[in-house]
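> Structure of the sequence below:
(4 chains)
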There are 4 protein chains.
Amino acid sequence: MSIDLEALYLDLHRHPELSFQETRTASIAAGHLRDLGLEVEEGVGITGVVGLLRNGEGPVVWARADMDGLPVEELTGLPYASTATGVDPAGNTVPIMHACGHDMHVTAMIGAVERLVAERADWSGTLVVLIQPAEEYGAGARAMLDAGILGRYPRPDIVLGQHVTPLPAGVIGVRPGPQMAAADGITVTLHGRGGHGSRPHTTIDPVVMAAATVMRLQTIASRELDPREVGVVSVGSIHAGTKNNIIPADATLELSLRYPDDAARERVLAAVERIVRAESAASGAEREPEFHTEHTLPPTINDVEATSRVTAALNRALGDGTVIDPGMFTGSEDVSWFARDAGAPLVFWFWGGVDPATFAAAEAAGTVSASIPTNHSAYFAPAPHPTIEVGVTAMATAVREFMG
Amino acid sequence: MSIDLEALYLDLHRHPELSFQETRTASIAAGHLRDLGLEVEEGVGITGVVGLLRNGEGPVVWARADMDGLPVEELTGLPYASTATGVDPAGNTVPIMHACGHDMHVTAMIGAVERLVAERADWSGTLVVLIQPAEEYGAGARAMLDAGILGRYPRPDIVLGQHVTPLPAGVIGVRPGPQMAAADGITVTLHGRGGHGSRPHTTIDPVVMAAATVMRLQTIASRELDPREVGVVSVGSIHAGTKNNIIPADATLELSLRYPDDAARERVLAAVERIVRAESAASGAEREPEFHTEHTLPPTINDVEATSRVTAALNRALGDGTVIDPGMFTGSEDVSWFARDAGAPLVFWFWGGVDPATFAAAEAAGTVSASIPTNHSAYFAPAPHPTIEVGVTAMATAVREFMG
Amino acid sequence: MSIDLEALYLDLHRHPELSFQETRTASIAAGHLRDLGLEVEEGVGITGVVGLLRNGEGPVVWARADMDGLPVEELTGLPYASTATGVDPAGNTVPIMHACGHDMHVTAMIGAVERLVAERADWSGTLVVLIQPAEEYGAGARAMLDAGILGRYPRPDIVLGQHVTPLPAGVIGVRPGPQMAAADGITVTLHGRGGHGSRPHTTIDPVVMAAATVMRLQTIASRELDPREVGVVSVGSIHAGTKNNIIPADATLELSLRYPDDAARERVLAAVERIVRAESAASGAEREPEFHTEHTLPPTINDVEATSRVTAALNRALGDGTVIDPGMFTGSEDVSWFARDAGAPLVFWFWGGVDPATFAAAEAAGTVSASIPTNHSAYFAPAPHPTIEVGVTAMATAVREFMG
Amino acid sequence: MSIDLEALYLDLHRHPELSFQETRTASIAAGHLRDLGLEVEEGVGITGVVGLLRNGEGPVVWARADMDGLPVEELTGLPYASTATGVDPAGNTVPIMHACGHDMHVTAMIGAVERLVAERADWSGTLVVLIQPAEEYGAGARAMLDAGILGRYPRPDIVLGQHVTPLPAGVIGVRPGPQMAAADGITVTLHGRGGHGSRPHTTIDPVVMAAATVMRLQTIASRELDPREVGVVSVGSIHAGTKNNIIPADATLELSLRYPDDAARERVLAAVERIVRAESAASGAEREPEFHTEHTLPPTINDVEATSRVTAALNRALGDGTVIDPGMFTGSEDVSWFARDAGAPLVFWFWGGVDPATFAAAEAAGTVSASIPTNHSAYFAPAPHPTIEVGVTAMATAVREFMG
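Below is the predicted model of the structure:
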């Protein structure tokens, strides 16, 4: 009797969990893997799960799915929309949503393992399934590696992963070489001097300092990056003050930085620091601003030869022309830590989650970017079908490609 | 046996409470007023206290002290510094501090009532003591009035109030005519479109929209107000986003606006709305921004004749030259609602709370504005002595001036 | 046969001249003064004129009128509007207009001298008439003083001057004590690195540097000046670049700064320098910005006792209530150099130039600030009558007040 | 006797001329072409030159070189640096410099024609040489076409052009497909209301309006373009005001916009207009801003097949590996108008002008972008050798490739 993947997906979607708090999701995934006959270890890197399937001699494939949700309030209006809330690391109660599709990643992985188990007579080798926490913090892969999995499990010959994306369902996108950007998440604290809102001259206003900094940070992309260079400087959060009539002492900015390579990374980080310090000086700040790196993600680079094998296999399995080159993505991933630490090649691909008719209509109307919700949007929700089926086939096919 | 006012002040300072949550403070004040023989009503305007002392024929004086603390983390390092926390209306746990000296206001009022009771043989009339909540929300005076006190208590012939301020202790400041600015507290919600931090082109970034708005709002003071006109546009808080790599959908600004009169108020409010709407349009926002007025405070205008009487009386009581004209203040108060609703004259004065030697040293060094903490600062703390004694004498003297 | 003052005014209005190039105006004024019997010296401080009238024993009065036009294109549409052009110090051909009413100042002075000559039997003393160049550069008074007039002419017992302003014609405004602000004119050169407009990353864009600086300079008025303090930071000109597709190497800003006193001056100058240097640093400039002070004007402070005499005399001469206290003006003047260098008291007053009916209608409609052109506007043009007559009477009356 | 190309180059470099004023340059080029036996027409599109060489049956090749200088003050310090000045269309006297290497283009073209004439026995066909004016205005190609050359001369089978660039001398860069961006040059006039610098509240300050606009325009690149999309929004010039103490009525911005394709062009143009109008509204402008398109340049797209032939021919002629793919350039060209109007393929390549040793040293030091002057810089000056020789060979070789 096969697993009801649609039910699994809807259940996970309804019950998203914040990063490193994915205990329910982990437990469900671990249960299925155990039912399918894998050796299962839980609590790896706080909430991660490792499933091990030894199936004779042959290569070792690490297949990874991430599982955390995001502090986003779901606005899809779907019958299975999330109403979950949780407490974030700052102690605030926040809504939670699977706004990046990790529920789909887990579902497709369970389905792929189920198929691989069913077909175990046709391949031989060792499969290591990684159900990873806290991808959204850029911290979960490191947490699992730091928990020692490279020493405890067979080392990979290849690392595989996949991500659902706003392409039409049925389409696979994968690019040999650089696939996703390197990224840093940086928190900047600006120090002013507080006081009463009616007496600005007795204060050093951190709200103005922060606003000027945000405006100036825009010039890194507009003036300092080569226009042909893929880079992003986003300020994802800004917080200062508690009331309209108290000028606060400090302001906090959270920055997400993206770059194609290490040289650009150095330039952008230097520019961010230069601008933040100068805007602080422009305000006459009495204390230097502070910088805290929340996470650092390496570029996601697909191995050229292995990607070529996956591409060919997926075109065979899903129909010629299924696989396209989607270009480089400005988003980032921590999946590559597994490959980098292991010294193994990586193939990480995207699969479409948008109803093909909806996508085609938007394309015809020229409204794709305006009307198709992207990852992290409060409206992001892959169509269950055929997204689940394509994801299962893609992962199972890619794993089989590298097995004996 | 007299009330230990220093102990009362230190206790109130250690236990500040947020606006409309001043139950402990109200209960302590009510207890003292009752002990002094006043008729006391509690829960007036949520947490306000009214004390009534009928002492024969004569004028009716309303004497008001406000009692709420602020969501500021005390940094004074004083042995009696507050470590209190509370839950603000948004549900966040915040630190609390008596950063505006309302603890001193309550202490001085209790001391003044004690003295007036002791001297009751020397005056006749009716004293109504108002221990007002939520001055910091600009809402407490209205709450007490809306609770019907004008109908339940003798109508005032004069309304009196006083506020501790960063003048040297021993100095009284009061200005005939306009004493404090009119003010509005306005919350602005800016609507963008959220998305992933690495894909800014799919979003309408509310952080940039908010930053541009803050920068543009500075031009109201720098370009639109007559340089000779007293006006302030402060953005006391800015909030958007939860993580570095999610561009949020909205941003919130809390503005404190100050003006000398109604004509300037109209111009500034129009300019704020014009700028906010235009910056929203510059970003290509799909929804108009929203404006919510949190409070509106009328100008605090001292009755010229009554102020002249108070000035003379305080100079007699505290020494000639004690009373100065401090000029108009840009801060605002809700005390004038009592006078406006009752159609009675108002006298509202400031008394110094800074150790005189400290003040003189700062003045000599030219560092008054840099080194003397102002109201709402995390370092604001009046010197207990002689601030308490001067506050008691000032209020008792002013009340006596108007009694038969 | 009397001088046709209307014809003189219209002629001067039609033929404005740039600062230190007022040769035609000076020659006309000198001609009239000579015709009236004064000893006349021309070319004093490049283009200035001094007229000396010794009329027996008695006090020495210096009466000053300035005479330069402005590089503004007149848009009044008047039949006598200027179409003049000239070459400014940078070598550019610019339109010229009497946009500050100095043509009216010269006209009224000639008329006042004519009257004083006619009435010479009724007063005794020495009149020194100063027809001053280059007030708009803040440089003409210094030029005349540096040319040695204090040594060559009788030292003044009083210095008098008047300025036409957008008050109703018939009204005189004068304030004892501080009447006009101190001011500095500062030119800032920002250094970037030029390059092609399509390759911003190879440049350090001085246009962005200048724009960010202008926005930040707004915060001096909005956040650093006490709201009760009269101060202004205006950027009157910004220039960078020659073509859309070449990013230039430099940008130039011309700033006009105003303050009530020397303490505010120090703070504002320090803030300007701090902000300019920080914004240059934010851009990663390879060279420090440069600052050049074009002129420094002291505050214009009316002697209290002498102003009281002038006020009384003008109310007698022009009707009780003619003289009002217009408050402090944020504009600046170089007239006070004459008084400061001589150690003499100064009285400097304003007289209205707007048709009274027009002014009253604008006041009723609440559109004074929107519809009445102010000095330096391309629409500024005093009504010839009764502005000329009031100006003649005011100056002649004030001179007589101080003569024996 | 051969032409002294070095002398020609140095002479042209010393005597740059502004766009559509290249009479001296045109006359020198026409003289050489005539001397070489071509039929020559001058004054084509104001100052353009066409040379016609019929050499038997065969294809028609149009070979184009542009010849105008730029209003840049040369800072190279070279013995043959320009000290020329000219009067630009606004009537201002400006310095002129060959800051984009068009002197080199003309020199190499004359040398190439000389070689082709010498080798005329070895090829057959028709060569049309275009010495084009005003490339810097994006207007010269259109002017020559609008003068009717397509009707008067044999229609091209291929259009060729080359541009000197900061690659090492000896290197050729050419990219099949999109080679240079589409571009618009747009002048924006912002309308405020002028007045005196000390009375900002009576004005609508166009300097602040312009500064806010410049800062907001940065967000098109940072927030609205897909990070993977090549686009640029540069403000090359900003002008407002004449003096520090007059707030002007208007401000002018000159924008250079670049995009990879027509879809991006529409989005960017819409964003520019949206931002400019909104910032005008934020200032409360009483008149809408005005937009004037100075030039529109189509994308420069190299014909894939023809580029492949040129690449092969140049590698043969100059050594294998000479030709690299330099990627897409964000700069723009008007050369493609010739190909588009004629419906012919285009090949447009770049050749290096930097001394190879200097380039290698900069590369080793990681200072290429900082130390190698780019086109339009005041320090841009190709090394005469071997730049001239490579340019001659490249153009002659490419022409021969398409001849019979």
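
> For the stretch 251-400 of chain A, what lies in contact range of chain D?
Proximity of the stretch 251-400 of chain A to chain D, by Cβ under 8 Å from any Cβ of the partner chain, involves residues A:258, A:327-328, A:330. Glycine gets a C-beta too; all of them are placed from N, C-alpha and C.

> let's see it at 10 Å
A:258-260, A:263, A:267, A:327-330, A:366, A:369 (Cβ under 10 Å from any Cβ of the partner chain).

> And the furthest pair within those residues?
Greatest spatial distance in those: A:Ala263 and A:Gly366, 36.2 Å, computed using Cβ to Cβ.

> Now A:Thr126: closest residue in space that isn't a chain neighbour?
Nearest residue to A:Thr126 in three dimensions, chain neighbours excluded: A:Val60, at 4.5 Å (Cβ to Cβ, 6 or more residues apart in numbering or on different chains).

> With A:Ala344 as the reference, measure out to that neighbour.
Per Cβ to Cβ, to the nearest Å, A:Val60 is found 9 Å from A:Ala344.

> before we move on, what about A:Pro206?
46 Å.

> of all the residues of the stretch 251-400 of chain A next to chain D, which comes closest to D:Gly48?
A:Gly366 (40.1 Å).

> for the closest one, what are its contacts?
D:Ala263 (Cβ atoms under 10 Å, 6 or more residues apart in numbering or on different chains).

> low-scoring pLDDT stretches of chain A, where are they?
Where chain A drops to pLDDT under 70, the residues are A:1.

> how about the helices in chain A?
If DSSP state H is used as the criterion, the helices of chain A fall at A:5-14, A:23-35, A:102-118, A:140-146, A:149-152, A:206-219, A:262-282, A:304-318, A:336-342, A:356-365, A:368-371, A:384-402.

> Nearest to B:Ala210, out of the ones you listed?
helix A:206-219 (7.2 Å).

> before we move on, the earlier item: tell me the most buried of the helices of chain A?
helix A:206-219 (a mean of 28; mean count of other Cβ atoms under 10 Å in any protein chain shown).

> Give me the contact status of that one with chain C.
Yes - interface with chain C: helix A:206-219 contributes A:207-209, A:211-213, A:215-219 (Cβ under 10 Å from any Cβ).

> now those residues as a markdown table including distance to chain B?
Formatted as a markdown table, the residues of helix A:206-219 next to chain C follow (distance: Cβ to the nearest Cβ, whole Å):
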| residue | distance to chain B |
| --- | --- |
| A:Val207 | 5 |
| A:Val208 | 6 |
| A:Met209 | 10 |
| A:Ala211 | 4 |
| A:Ala212 | 6 |
| A:Thr213 | 8 |
| A:Met215 | 5 |
| A:Arg216 | 9 |
| A:Leu217 | 9 |
| A:Gln218 | 7 |
| A:Thr219 | 12 |
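
> Just the closest of the residues you listed to chain D, please.
Within those, proximity to chain D (Cβ to the nearest Cβ) peaks at A:Gln218, which comes in at 4.1 Å.

> Would you mind confirming that A:Ala99 is in contact with A:Ala81?
No - between A:Ala99 and A:Ala81 there is no contact under Cβ atoms under 10 Å: 11.1 Å.

> who touches both of the two?
A:73-75, A:378, A:381.

> Share the number of residues neighbouring A:Gly170, please.
Residues near A:Gly170, counting by other Cβ atoms under 10 Å in any protein chain shown, number 17.

> Okay, it and A:Leu318: tell me how far apart.
7 Å.

> Hmm, A:Gly91 is touching B:Asn92, no?
Yes - if you go by Cβ under 10 Å, A:Gly91 and B:Asn92 touch, sitting 8.7 Å apart.

> ok, those two, which is more surrounded?
More crowded of A:Gly91 and B:Asn92, by other Cβ under 10 Å: B:Asn92, with 14 against 8.

> Going by residue numbers, what spans are strands in the stretch 151-300 of chain A?
Assigned by DSSP state E, counting those that start in this stretch, the stretch 151-300 of chain A shows strands spanning A:158-168, A:172-173, A:177-180, A:182-191, A:195-196, A:232-240, A:246-247, A:250-259, A:290-297, A:300-302.

> Would you mind reformatting those (as CSV) and adding columns for distance to D:Thr300 while you're at it?
Converted to CSV, the strands of the stretch 151-300 of chain A look like this (distance: least, Cβ to Cβ, whole Å):
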stretch, distance to D:Thr300
strand A:158-168, 31
strand A:172-173, 30
strand A:177-180, 27
strand A:182-191, 32
strand A:195-196, 57
strand A:232-240, 27
strand A:246-247, 53
strand A:250-259, 28
strand A:290-297, 37
strand A:300-302, 32
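
> Just say which of the ones you listed is most tucked in.
strand A:246-247 (a mean of 30).

> Quick check: neighbours of it in the sheet, parallel or antiparallel?
strand A:195-196 (antiparallel) (DSSP bridges).

> how about the nearest residue to the residue in the stretch 301-404 of chain A that chain C sits nearest to, chain neighbours excluded?
Using Cβ to the nearest Cβ, the closest approach of the stretch 301-404 of chain A to chain C is made by A:Thr330 at 17.6 Å. Nearest non-adjacent residue to A:Thr330, counting by Cβ to Cβ, 6+ apart: B:Ser198, 4.0 Å away.

> so how many other residues sit close to that neighbour?
Other residues close to B:Ser198 by other Cβ under 10 Å number 25.

> Correct me if wrong: it contacts A:Thr300.
No - assessed by Cβ under 10 Å, B:Ser198 is found out of contact with A:Thr300, at 11.8 Å.

> Are there residues contacting both of those two? Which ones?
A:180-181, A:183, A:329, A:331-332.

> just to revisit the earlier point, what sits in contact with each of A:Val60 and A:Ala344?
Common neighbours of A:Val60 and A:Ala344 (Cβ under 10 Å, 6+ apart) are A:155-159.

> Between those, which sits nearest D:Gly284?
With Cβ to Cβ as the yardstick, the closest approach to D:Gly284 among the shared contacts of A:Val60 and A:Ala344 comes from A:Val159, at 58.7 Å.

> The closest one against A:Arg340, yeah?
Yes - between A:Val159 and A:Arg340 there is a contact under Cβ under 10 Å: 9.3 Å.

> if I look at those two, which residues touch both of them?
A:Leu346.

> Regarding stretch A:37-52, how distant is the last residue from the first?
Stretch A:37-52 has an end-to-end distance of 9 Å (Cα to Cα, to the nearest Å).

> Flag every buried residue along it.
Neighbour counts using 16 or more other Cβ atoms under 10 Å in any protein chain shown place A:38, A:40-42, A:44-52 of stretch A:37-52 among the buried residues.

> Now for those residues: which two are most distant?
A:Leu38 and A:Ile46 (20.4 Å).

> picking that back up, wait, what's in contact with the residue of the stretch 301-404 of chain A closest to chain C?
Contact analysis of A:Thr330 by Cβ under 10 Å, 6+ apart lists A:180-181, A:183, A:230-232, A:234, A:256, A:258-260, B:196-201, D:226-228.

> Run through the residues that contact A:Leu33.
A:39-42, A:49-53, A:109-110, A:113-114, A:117, A:129, A:131.

> let me redo that: A:His98
A:9, A:12-17, A:25, A:67-70, A:72, A:74, A:81-82, A:84, A:104-106, A:380-382.

> Identify the spatial nearest neighbour of it, chain neighbours not counted.
A:Pro16 (4.4 Å).
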